[in-house]
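[1] Predicted model, plus sequence, below.
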Amino acid sequence: MDRQVTKHEVPSYDIVEEKIREIDGSIIVLRIFYIFMEIVYKFQLIKNDKLCTVEIPRKLLEGLKSRNPVLEEKLAEILDEALQESDCWVKV
């Protein structure tokens, strides 16, 4: 089972939250899980009555600590691609 983590345990959480708000200010981070076998953080996001799950590699989040613009762009691409995909959003 995936371990649920707090935002304080996620590297560069503030940057992820900032990028999500830039895409759509009404999206809320509901839960975050750390998937050890895949070395990714799984963010469960909610908007109105729909849930979307986005996986972000740990190495990317750790690299963002130095505010690397290339990695910030990669994060923005991952988030934008997932959040704009209608299949991502499942009614809860």
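    Everything's here; your move.
[2] Show me the shaky parts of the chain.
    1 (pLDDT under 70).
[3] any idea where the strands of it begin and end?
    Using DSSP state E, the strands of the chain run over residues 3-5, 28-35, 40-47, 50-57, 90-91.
[4] Okay, angle between the second one and strand 40-47 too, please.
    When you say that, I think you mean strand 28-35. Here the directions of strand 28-35 and strand 40-47 differ by 160 degrees (axes from the mean of the first three to the mean of the last three CA atoms, to 10 degrees).
[5] returning to that earlier point: winner for burial among the strands of the chain?
    Burial of the strands of the chain is given as mean neighbour count (mean count of other CB atoms under 10 Å); strand 40-47 ranks first at a mean of 19. Bear in mind the C-beta positions are built from the backbone N, C-alpha and C, glycine included.
[6] by contact count, what packs against that strand?
    When contacts are defined as 3 or more CB pairs under 8 Å, 6 or more residues apart in numbering; DSSP states H and E, strand 40-47 packs onto strand 28-35, strand 50-57, helix 58-63.
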